[in-house]
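S.K.: show me the folded form of this:
(3 chains)
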Amino acid sequence: MTGRAPSGRVFALHAAVILGLLILNFVLPEYHRGVFSRVLVLAAFAMGYNILFGYTGLLSLGHAMFFAAGLYGAGLPVYHLDWSVAPAFIAGIVSGAVLALAIGFLALRTTGVAFMIVTLMFAQVFYLITLFFTTYTRGEEGLVIRQDLRHLRMGDLDLALTDPSLRYLIALVLFSAVLIVTLFIVRSPFGRSLVAIRENEERMRMLGYNVFTNKLAAVVLSGAFCAASGAAYALLFGYVGSGFASIQYSILPLLWVLLGGAATTLGPLIGTLFMFYIVDFTSGFMPAYLLVVGAALILLILFFPKGILGSIRERWAPWLP
Amino acid sequence: MAFGPYLLLATLEGLVMAAVLALTALGLSLVFGVMRVVNVAHGEFFMLGAVLAWWVSSLVSGNPAIGFLLALIVSPLIVGAVALVSERLVLRRLDYKPEATIVATIGLLYIIQQLVLTFYGPEARPVVAPFDFRIRLPWFGYSSYKLAVIAASILLVLATWFVLTRTKIGLVMRATQYDGEIAQAFGVPVDRVYAGVFALGAMLAAVAAVLIVPIQQAHYLMGLDPLLLSFIVVIIGGLGSLRGTVVAAVLIGLSDGIISVFFSPTLAKIIATSFVALVLVFRPQGLFGAETR
Amino acid sequence: MTEIRTDKAVKSSGLTRRTALKGLGAAAGLMMGPGFVRYSQAQSAEPIRIGFQCHRTGIGAAYGRWYERTTNAAVKLINEAGGINGRPLEIVVEDDGTDPKRGAEVVEKFANQHKVDLVYGTLFSHVVTGSAPAAGELKIPYYVVSEGYHVASGKLNRYCIQPGITDVKAQVRSVAPWIASNIGKKVTLVFPDYAFGHDHRDFFGPAFQEQGGEVVAMLPIPPTETSFTRYFPQIPPDTDAIYHVMVGPAVLTFVKEMGEFFGSQGPALFGFIDSLEAVDLASPGLEFLEGSHFWEGSPRYLQPDASEAQKFYRDAVGIDENGASVNDPKDVSTAAHMFGCWETLYVIKAAMEAADYKGPEDRAKLIEATEAMTEFAEGKEHPQGDKTFNGKIHQCFGHQNISLVENMKLKVVHRTSIEDGIYEPEADYMTMPL
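M.R.: Down below sits the predicted model:
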C-alpha cells in the first residue's frame, strides 16, 4: 500500500523524472528526441491502462478501442471538418471517455477473465467499425492529417506541432499531466479504494462502498487517459489508421505495464521505453531480431517477476508509489 | 440462390466453424481450466502444429493421406515437447504467476514466430487433405473434408471428455483444477500435473491444427485468431466446463454463419461479435460456469 | 569496381562494425542476413546512402524478402557500372514490421540517425500512409513501390513519389476494357473491406461502366475472415465474371472454396495476382484457377517473347523461368510488384544525375528533378516496359499484363496500352511547398 509513503521522497522523485525528461529535450540526439516524443505519448496510454489494470485489478484486452477513439475522435474532425487542433484534442478525449462509460457500464457486469474477453470483443467490434466506415476512415490504410492543419493557433501565436522541440514538450506536458493526476489519484481515498477493490472486492462491498461506481470511474478515467494519448498521437504525428484499433494495440499497453511494473506510477514509462528500444536496437543489426526480443522478455520477467519497478519496489524501495 | 439452400449452406458453414472452434479451444480449455494462466503462446503452438504438418507431409510422397496421418502423429509430439521444455524452463520458474506468465508467453510467441519465419518462411502453404472429393448438392458443391472436420471434432471432444471423467489422469487433473493445494495434500504431484497439462494442451492444439490446416493454410502469423477465438469460446462456455465449450462453439459458429446471410459481411461480423459479447455481459459466469467465481 | 558482398562477407562486415556484439552475432550467425549491403572496395567518394524500409516481419514479409533481393541485385549493377555521380550506392535496411507506426519511426531513424540521403522501398499502403507525415516533416524524399493510390491521390505530401510501379487506379482502368470485351459485361466484385479493396471498388465500377459493363454485386470481405463459402450465394446467378482481389494468407482458402462451391459451372474469374504473389500456382487447391485470368504487373513466368531487358533483369535478380528463386523452385517470387524496386532505383539514379545531387542539401532539387521526368524508355533500367511519369501527382503509368492460367502457368494474353490507364489527375504536388 502506498498510504504510508513518505511524501517528500515521492514528490522529489516524480519532479526529478519530469525535470530530467525536460532536460533531455535539449541534450538528446535528434533521433532519440523523436523517439522519446512518441514514447512519452504512448506512456500516457500505458499509464491510463495501468489505472484499470494495475490499481483496480481489471485486466482489459480492449484498450486499443479507447486509444483509437481518441485517435479518430481528434483526427476525423481535423481531416474532414478542418477543426483546429485544440477542440479536436478535446473531442478525442470526450470520445474516449464516452465510449469508456458505455463499455464500462456493460463490461463491469463481469469480472476476471470474462471482463478480459468482453473488452476484447467490444474492441474487435470497434476495429471492425473503423473498417466498415472505410469511406471516412480509409480503413487500414488510414489518413494523413495535413501538416498545415497541425498548428496550434491562439491569438497571434502560431505553433507548428511538427516542430521537434515543441512536439517533445507537448508530449512531455501530456505525460506529466497524466503522471501527476495518476500520482494524485493513487494517494487519494479514491485510489486507495480502487486498490482495496483489487485486493478484496467482497470486503469493500460489505464495508458499504459502491464497488460498481468506483470501478466505472476507473474505467472512464483510464479510457480518457488512453484517448488523450491517442488524440495526441494523431495530432502530433499526423496519421490515423485502423491498425491502432487492432488487438495488437490492446496487448501492447498490457505488456508495457507488466514490464515496467503494474501499479507503479513510473513503471509504464519504463516498460514503454524498454520495449521500444529493444526492438529498435536489435532490429538494427539482425533480421531475426524477434528471437532476441522474445528471449529478453523471458529473462527480464524471470529476474523481475513483478516488472522492473514492481520488483525494485518489492526488494529495495517499498516507498515507491 | 434460393433462401432455403442458402440457409443450409450458412448452417453447414456455421457448423464447420463450430467444429473448428471446439477443436482449437479444447487444448486451451484444459490449460486455462487447470492452471488458470493466460498462455498467449497457445496460438503459436497451433501455428507450429500446422507448419509441422506441412513439413511432414512435404517429406512424404505418394498418397496425401500417408503424409497427413504421419503429421497427425509427429506434429503433436514435437509441439508437446516444445511446450514441455518451455514449461520446465520458464513457466515453472515463474510459479505460474498470472501476470509474469503473460509476459513470458508473449516472449515465447516472439521466439516461435521468428523461428518459423526464419526456417519456414513468410509464405502461406497449403497442406493436402487426406481425401477431398466435392459433394455435389443440387444448389452448390461442398467439401467432404469439411464435413470430416465436424466428425473429427466430435470424436476428439468425446475422447477428451472420456479422459477427464473416466480415467485416473482425468481425476488427478480435475482435482488439481478444483484446488491445487488440497490436491497436493492428498499426494497429487501438482507440479508434474501442471507440466503434463501444459504439454497436453499444446498437443491438442497441434492435433487441431493438423486437422484444420487442409481447409486453411500454414502461415507463421496464423496463431493469433485461434488464440483469441479459443479464449472467447472457453470463457463464454464457462470455465472448466467441457460441455460449455462445445455449446459456446456451436453458438458462436452458427450465429456467425446465419447472421452472414442477412447482412453485408463486415456488418455481419460486427453484429455477431456484439451478440456474443452481450451473451457474456448478461451471463458473466459463462453458459455453464458456476454461479460464483 | 565495386561489388556487393555475399551473405557471408556481409556477416563479417556487420560484426566489425559492431564488435561489441561479436559473440552474440557469431552465435546467431544463421540469423544474419544482408542487413547492410556494403561496397567492398573503398572508393574515394562517400557513398550515397539509401534507407530501405523493408517488410522483414509482419504480414508483408513474403514481399519484403523479394523486394530486398531485387534491391540488392539492382544496387550491385548500379555500383558495378560506377555508381551514381561517381559515388557508390549503399543500402541501409530497417524492418518496419509491416506496421504504419513503426514505419514512421523507421523514416525518422533513417533521416536522423543513419542520415541517409533518401528513403525507399515500401510496399504496403498503410505503411506508406503512416510514414508519409514523417517524410514530409523531415523533408526527406520517400520513393515508394506500393501501387496504392495514396501518392497519386494528392493526400500525402511533396516528398512522396511512386515512379516505379503503376497505381491501382490506373491498373484497374487498364484492365476494364479487356474484361468488358473478352469476359463479360456483368461482374461481381469480391474485395477486402478496407482501403485497398475500396480503391478497386471505387475505380473499377466507373471505368467498367464506360465500357458498357455493369457491376452487378459487391462483396466486401472483412480482413479477419478465414472462410468464404458462406458469402458465395450472394453472387448473383447472372454474373458473367467474378473480379477478385483478396490479399493475405487466406487467399488460397478463398480460391479453393470457390472451386468447391462452383465446380465447373461457375462464372469466369478475373483476379489480381496480388492474391497469389509468392504462392506457387501449382499448389493443391488452385486447379480451379485453370482457364481464369489475372492481372500481372510484370509476368511471373518467362514469356516466349520476353525482351532482352526482361531476361537480363530476371537473371540478375535470380529467378527462373517459373518466377521462382534459382536456388529453390519452391521459393516463388513476387514478380508482379518487385520489378518496381529495380525501376525505382534507376529512376532515383537518373534523377540524382539530373539534379547533380551532392548530399542532403539537394533533396529538394532531387524531388524537382524527379518531377521533371516525363518518360522512361524500356530497357535494362526499365525491364517491365516503357512508362510515362506525371510530375504533378508523382505517379508513373505503365503497361499492364493480362495473363491466362494455362497448365498451372501464367501466359500473357494481352498487354494494355499506357493510355488505357491514364486518368484525370486529382492533385498537383508541384504547387505544394518543398
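S.K.: which SS state does C:Val93 fall under?
M.R.: strand (DSSP: H, G, I helix; E, B strand; the rest coil).
S.K.: helix/strand/coil for B:Val90?
M.R.: Here B:Val90 is recorded as helix under three-state DSSP.
S.K.: report pLDDT for it.
M.R.: B:Val90 is assigned 92 on the pLDDT scale.
S.K.: before we move on, what about the one 5 residues further on?
M.R.: Looking at B:Asp95, its pLDDT is 88.
S.K.: now swap in the one 4 residues further on and tell me
M.R.: B:Glu99 is assigned a pLDDT of 88 by the prediction.
S.K.: what about it, helix or strand, and which?
M.R.: helix B:98-119 (DSSP states H and E).
S.K.: the following helix or strand past that helix close to chain C?
M.R.: As assigned by DSSP H and E, the chain's next helix or strand after helix B:98-119 is strand B:134-136. Yes. Applying C-beta under 8 Å from any C-beta of the partner chain, one finds strand B:134-136 touching chain C at B:134, B:136. To be clear about C-beta, it is placed using only N, CA and C from the backbone, and glycine gets the same treatment.
S.K.: tell me what strand B:134-136 is packed against?
M.R.: strand B:141-143, helix B:144-166 (3 or more C-beta pairs under 8 Å, 6 or more residues apart in numbering or on different chains; DSSP states H and E).
S.K.: and these as CSV, adding mean pLDDT and mean neighbour count?
M.R.: What follows is the helices and strands packed on strand B:134-136, written out as CSV (pLDDT from 0 to 100; neighbours: other C-beta atoms under 10 Å in any protein chain shown):
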stretch, mean pLDDT, mean neighbour count
strand B:141-143, 86, 21
helix B:144-166, 91, 16
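S.K.: nearest to A:Ala218, of these?
M.R.: helix B:144-166 (38.0 Å; C-beta to C-beta).
S.K.: for the helices and strands packed on strand B:134-136, which one sits closest to chain A?
M.R.: Closest of the helices and strands packed on strand B:134-136 to chain A is helix B:144-166, at 20.0 Å (criterion: C-beta to the nearest C-beta).
S.K.: quick one: name whatever helix or strand follows the closest one.
M.R.: helix B:168-178.
S.K.: just the buried positions in that next one, please.
M.R.: With burial defined by 16 or more other C-beta atoms under 10 Å in any protein chain shown, the residues of helix B:168-178 counted as buried are B:172-173, B:175-177.
S.K.: ok, which stretches of the stretch 1-150 of chain A are helices?
M.R.: For the stretch 1-150 of chain A, the helices defined by DSSP state H, counting those that start in this stretch occupy A:7-27, A:30-50, A:64-81, A:85-107, A:112-132, A:134-137.
S.K.: chain C is nearest to which of these?
M.R.: helix A:30-50 (3.7 Å).
S.K.: residues in contact with B:Leu70?
M.R.: B:56-57, B:60 (C-beta atoms under 8 Å, 6 or more residues apart in numbering or on different chains).
S.K.: still on that earlier bit, can you list the helices of the stretch 1-150 of chain A in JSON lines and add distance to chain C?
M.R.: Shown next, in JSON lines, are these (distance: least, C-beta to the nearest C-beta, whole Å):
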{"stretch": "helix A:7-27", "distance to chain C": "15"}
{"stretch": "helix A:30-50", "distance to chain C": "4"}
{"stretch": "helix A:64-81", "distance to chain C": "9"}
{"stretch": "helix A:85-107", "distance to chain C": "14"}
{"stretch": "helix A:112-132", "distance to chain C": "5"}
{"stretch": "helix A:134-137", "distance to chain C": "5"}
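S.K.: need the winner for burial among those helices.
M.R.: Across those, averaging neighbours per residue (mean count of other C-beta atoms under 10 Å in any protein chain shown) puts helix A:64-81 on top, at a mean of 27.
S.K.: which members of the contacts of B:Leu70 additionally contact chain C?
M.R.: Okay, of these, nothing touches chain C (C-beta under 8 Å from any C-beta).
S.K.: where in the chain is pLDDT low?
M.R.: If you meant another chain, say so; for now it's chain A. Chain A contains residues with pLDDT under 70 at A:1-5.
S.K.: can you look at chain B instead?
M.R.: For chain B, the stretches with pLDDT under 70 are B:290-293.
S.K.: ranges for the helices of it?
M.R.: B:3-35, B:42-59, B:64-86, B:98-119, B:144-166, B:168-178, B:180-185, B:190-212, B:224-237, B:242-262, B:265-282 (DSSP state H).
S.K.: with distance to C:Glu80 as extra columns, can I get those helices in JSON lines?
M.R.: Putting the helices of chain B into JSON lines (distance: least, C-beta to C-beta, whole Å) gives the following:
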{"stretch": "helix B:3-35", "distance to C:Glu80": "52"}
{"stretch": "helix B:42-59", "distance to C:Glu80": "38"}
{"stretch": "helix B:64-86", "distance to C:Glu80": "45"}
{"stretch": "helix B:98-119", "distance to C:Glu80": "30"}
{"stretch": "helix B:144-166", "distance to C:Glu80": "52"}
{"stretch": "helix B:168-178", "distance to C:Glu80": "66"}
{"stretch": "helix B:180-185", "distance to C:Glu80": "67"}
{"stretch": "helix B:190-212", "distance to C:Glu80": "47"}
{"stretch": "helix B:224-237", "distance to C:Glu80": "44"}
{"stretch": "helix B:242-262", "distance to C:Glu80": "56"}
{"stretch": "helix B:265-282", "distance to C:Glu80": "50"}
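S.K.: relative to C:Tyr301, which of the ones you listed is closest?
M.R.: helix B:42-59 (22.9 Å).
S.K.: and the closest one, which residues are buried?
M.R.: Neighbour-count burial for helix B:42-59, counted by 16+ other C-beta under 10 Å, picks out B:42-57.
S.K.: other SSEs contacting it?
M.R.: Counting by 3+ C-beta pairs under 8 Å, 6+ apart, helix B:42-59 packs on helix B:3-35, helix B:64-86, helix B:98-119, helix B:190-212, helix B:224-237.
S.K.: I'd like to know which of those helices lies nearest to C:Cys54.
M.R.: That would be helix B:98-119 among the helices and strands packed on helix B:42-59, by C-beta to C-beta, at 13.5 Å.
S.K.: chain center to stretch B:29-36: distance?
M.R.: Relative to its chain's centre, stretch B:29-36 lies at 13 Å (C-alpha atoms, centre = their mean, to the nearest Å).
S.K.: alpha carbons of it, as CSV, please.
M.R.: Extracted in CSV, the C-alpha atoms of stretch B:29-36 (Å, rounded to 0.1, in the frame of the first residue of the first chain):
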residue,chain,number,x,y,z
SER,B,29,-9.8,-25.1,-22.1
LEU,B,30,-7.6,-27.7,-20.5
VAL,B,31,-4.6,-25.4,-19.8
PHE,B,32,-6.7,-22.5,-18.7
GLY,B,33,-9.1,-24.6,-16.7
VAL,B,34,-6.5,-26.4,-14.7
MET,B,35,-3.7,-23.9,-14.5
ARG,B,36,-5.6,-20.6,-14.7
